[in-house]
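# Attaching a predicted model along with its sequence, questions to come.
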Amino acid sequence: MTNTAKPAAKSDKIPGSIYLNHGRYHWRVKLPGDERYISRPLVPEGARWATKDRAVAEAVARDLYRNLVLKAEIGGKIFEPGKWDGSLACLIKNFLAHADQRYRKPDGRPTGEAANIRYALQHLVEFCPGMQAADFGPLKLKEVRHKMIIAQLARKVINQRVNIIRRMFRWAAGEQLVPATVWHGLLAVEGLRKGVPGVKESEPVESVPEKDVKAALPHMSPIVADMVRIQQLTGMRSGELVTLQPGDIDRKKSIWIYRPGSHKTEHHDHKRAIALGPKAQEILRKYLDRPAGVFCFSPAQADKQRRKALHEGRQTPAGQGNEPGTNVKESPKKRPGEAYTPQSYGRAVDYACKAAKVPHWHPHQLRHSAATRLRQEFKGKGLDVARAVLGHRSLGMADHYAELDLALAIEAAKKIG
C-alpha cells in the first residue's frame, strides 16, 4: 500500500531530530552559531513526564527551538528590526533594536540600561514569545510577574522589570505596532508593595565598618589598597575610580579637580567634578608619573608588584629553583589588563575580605560610608554636602546614601531617656 500522505511543508520541518528513549521523547539539535549538539527532553508545560504522542513532542520542540534561538539573539549586541508579524517575539526583537541605539553614551558605548532591558524581556521570551502582542493584557503581565516571584527575584527588581515591559508596549503604541489601549491596560497593574507574602525583599546597602576595611587592606595589593583609600576619601563611583587618568585631573589649585572622561549620567548631559583633597592627593602622587592618557591603576602593574614581592620573600637559595621570568607561560589564557573594571576591582576586594576573614563588603559600600561621614561632619547641611560630593541631582538620593548616625541617637537617648 502506497503512502498518499502529503509531505510536510519545508517551513514546518523541525530542526534536529526527535527520538524516543525509555518512554520519553528527546530532541537533539545544533543551534545556529553553535558547534556542538544539545539534547533536551520534551516535556509539555505542567507535565512531569513527556508524552508518547509524537505530535505533542514536535509541537513542544518547535516552541523550544523558537525560544532558544530568540534567547541567543537577545544575547547579541545589535538587532536588526525584522518584518512585523504581530507576535510578541517580533516586538521584542524590534524593541531591542531600538534600545541598542537609544541607550548609548555620547561616545557610542551602550549604557547599562540596554542590558537591563534584555534581562527584563527574557521573561517574556521564556513564557509566551509566540502570542500576539496585541493580546498581551494585565492578566498576562501578572502571570509573567508571578514567574519572576517563583524565580526568587527581589521585589524592587521585579517592579523594575515590569516597568521595562510596560515601556516596551508604550514604544510599540507610539510606533503603531499595537493599539494604545494595550499599553493603557498594563498601567492598571500596580507594583508589588512591601510585605507581600512569598516575595523576596532585597537587602539594603549599608556602610562598611571601618574595622572591616582596615582588616582587609593588608590582604590587597598596594594598588587596590590605594584605590580603596581614595574611594573612602572621595566617595566616587567605582567606574569613575578605575578610569582615572593623570590628564583628567586639574592640579592648578590647592584642591585638585578630577573630571572623569566617562561617568554614569553623562548621557543626561550631567557634569561630574570630583574634588581631591590633600590626603587623596598624597595617595595619587605616585600614580601621576605617566602619560596623560594612561590609566593610573593597572592590574598588570599590580601583578608585577606581586611577583616582585614573592621573589624578594623567597627562601630558596640563589641559584636554585626557578629564576624570575623562567617559569612564565608563553601564551596564558588570561593576561592582566591595563586598567581595572568595576567588576575586577570588586573581585579583588572580595578576595581580600575572604583572606582577612571579615564579612563581605563591596566597593560601592564605601560610597555609602563617605556619605554617612559627610553627614556627621557637616551638621545642618550634611545632605547638601553629600549631594555635591557624590554627584547626586537630588537631596533624596543623598539621603538614601547617608545613613543616620546611631551614635547621635544613643547620645540623645542618654539625655532624654
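Great, that's in hand. Numbers count the residues shown, from 1 in each chain.
# thought D63 was touching F127?
No: using Cβ atoms under 8 Å, D63 makes no contact with F127, being 11.1 Å away. Any C-beta I mention is one placed from the backbone N, CA and C, and that applies to glycine too.
# Please tell me how far K147 sits from I165.
Plainly put, K147 is 12 Å away from I165 if you go by Cβ to Cβ, to the nearest Å.
# Neighbour count: those two, which is higher?
The neighbour comparison of K147 against I165 (other Cβ atoms under 10 Å) goes to I165, with 22 against 15.
# quick one: common contacting residues for K147 and I165?
Contact criterion Cβ atoms under 8 Å, 6 or more residues apart in numbering; residues bridging K147 and I165 by contacting each: H123.
# Determine the number of other residues adjacent to E240.
Neighbour tally, E240, other Cβ under 10 Å: 23.
# mind checking how far it is from I274?
E240 is 7 Å from I274, by Cβ to Cβ.
# need the contact list for the residue nearest to S238 when sequence neighbours are not counted.
Once flanking residues are discounted, S238 sits nearest to P342: 4.0 Å by Cβ to Cβ, 6 or more residues apart in numbering. Residues in contact with P342 (Cβ under 8 Å, 6+ apart) are 238-239, 242, 363.
# What's the ChimeraX syntax to select whichever of the residues you listed are buried?
Buried residues within these, by 16 or more other Cβ atoms under 10 Å, are selected in ChimeraX with:
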select :238,242,363
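# residue ranges for the helices of the stretch 251-400 of the chain, please.
Taking DSSP state H, counting those that start in this stretch as the test, the helices found in the stretch 251-400 of the chain are 278-284, 299-312, 342-356, 364-377, 382-390, 395-401.
# quick check: mean pLDDT across the last one?
Translated: helix 395-401. What helix 395-401 shows for mean pLDDT is 49.
# Tell me how far the nearest residue to R367 once chain neighbours are set aside lies from A115.
Among residues not flanking R367 along the chain, G235 sits closest, at 5.1 Å (Cβ to Cβ, 6+ apart). Counting by Cβ to Cβ, the gap from G235 to A115 is 25 Å.
# unless I'm mixing things up, L64 is touching L42, no?
Yes: the pair L64 / L42 is scored as a contact, 7.3 Å apart, by Cβ under 8 Å.
# Give me the more crowded residue out of those two.
L42 (21 against 16).
# list the contacts for that one?
Neighbour list for L42: 18, 24-27, 50, 57, 60-61, 64 [criterion: Cβ under 8 Å, 6+ apart].
# From the residues you listed, which shows the smallest pLDDT?
Scoring the contacts of L42 by pLDDT puts A50 last, at 63.
# can you give me the strands for the stretch 151-300 of the chain?
249-250, 256-258, 274-276 (DSSP state E, counting those that start in this stretch).
# What pairs with the first one, parallel or antiparallel?
According to DSSP bridges, strand 249-250 forms sheet pairs with strand 256-258 (antiparallel).
# List the contacts of the partner strand.
Here strand 256-258 has contacts from 236, 240, 244, 248-250, 273-276, 280-281, 284, using Cβ under 8 Å, 6+ apart.
# Show the buried residues in those.
Here, 16+ other Cβ under 10 Å leaves 236, 240, 244, 248-249, 274, 276, 280-281, 284 buried among those.
# Which pair of the residues you listed spans the longest distance?
Greatest spatial distance among the buried ones among the contacts of strand 256-258 (Cβ to Cβ): E240 and Q281, at 16.6 Å.
# pLDDT on stretch 305-314, on average?
For stretch 305-314, mean pLDDT rounds to 70.
# Dump it to CSV, restricted to CA.
Output in CSV follows, covering the C-alpha atoms of stretch 305-314 (Å, rounded to 0.1, in the frame of the first residue of the first chain):
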residue,chain,number,x,y,z
GLN,A,305,54.4,44.1,42.2
ARG,A,306,53.0,40.8,43.5
ARG,A,307,55.7,38.8,41.6
LYS,A,308,58.4,41.0,42.9
ALA,A,309,57.3,40.7,46.5
LEU,A,310,57.2,36.9,46.1
HIS,A,311,60.7,36.9,44.7
GLU,A,312,62.0,39.1,47.5
GLY,A,313,60.4,36.9,50.1
ARG,A,314,61.6,33.6,48.7
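# What residues sit buried inside that stretch?
Going by 16+ other Cβ under 10 Å, stretch 305-314 has no buried residues at all.
# and what of stretch 170-188?
Under 16+ other Cβ under 10 Å, the buried positions of stretch 170-188 are 170-173, 177-178, 182-183, 185-186.
# any idea which of the residues you listed is closest to G108?
Each of the buried residues of stretch 170-188 was checked against G108 using Cβ to Cβ; the closest is W171, at 21.3 Å.
# need the contact list for the closest one.
With contacts taken as Cβ under 8 Å, 6+ apart, W171 has the following neighbours: 95, 98.
# ok, 10 Å please
Residues in contact with W171 (Cβ atoms under 10 Å, 6 or more residues apart in numbering) are 91, 94-95, 98-99, 102, 177-178, 183.
# Using the three-state scheme, assign H26.
Applying DSSP: H, G, I helix; E, B strand; the rest coil to H26 yields a three-state assignment of strand.
# number of nearby residues for it?
Every residue meeting other Cβ under 10 Å relative to H26 is counted, giving 17.
# For it, give me its contacts.
H26 is in contact with 17-20, 39-42, 50, 57, 61, counting by Cβ under 10 Å, 6+ apart.
# Which of the residues you listed fall in strands?
Among these, DSSP state E puts 17-20, 39-41 in strands.
# now those: which count as buried?
For the ones in strands among the contacts of H26, a burial check counting by 16+ other Cβ under 10 Å picks out 18, 40.
# Switch the ones in strands among the contacts of H26 over to TSV; also include distance to D226.
Formatted as TSV, these follow (distance: Cβ to Cβ, whole Å):
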residue	distance to D226
S17	58
I18	60
Y19	60
L20	63
S39	51
R40	50
P41	53
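# Next one: I18 from R36, what distance?
When I18 is compared with R36 (using Cβ to Cβ), they lie 18 Å apart.
# re earlier: out of the contacts of P342, which comes closest to P336?
Distances from P336 to these, taken by Cβ to Cβ, are shortest for V242, at 13.6 Å.
# tell me which residues of the helix or strand harbouring M148 are tucked away?
Using DSSP states H and E, M148 sits within helix 138-150. For helix 138-150, a neighbour-count test (16+ other Cβ under 10 Å) marks 140-141, 144-145, 148 as buried.
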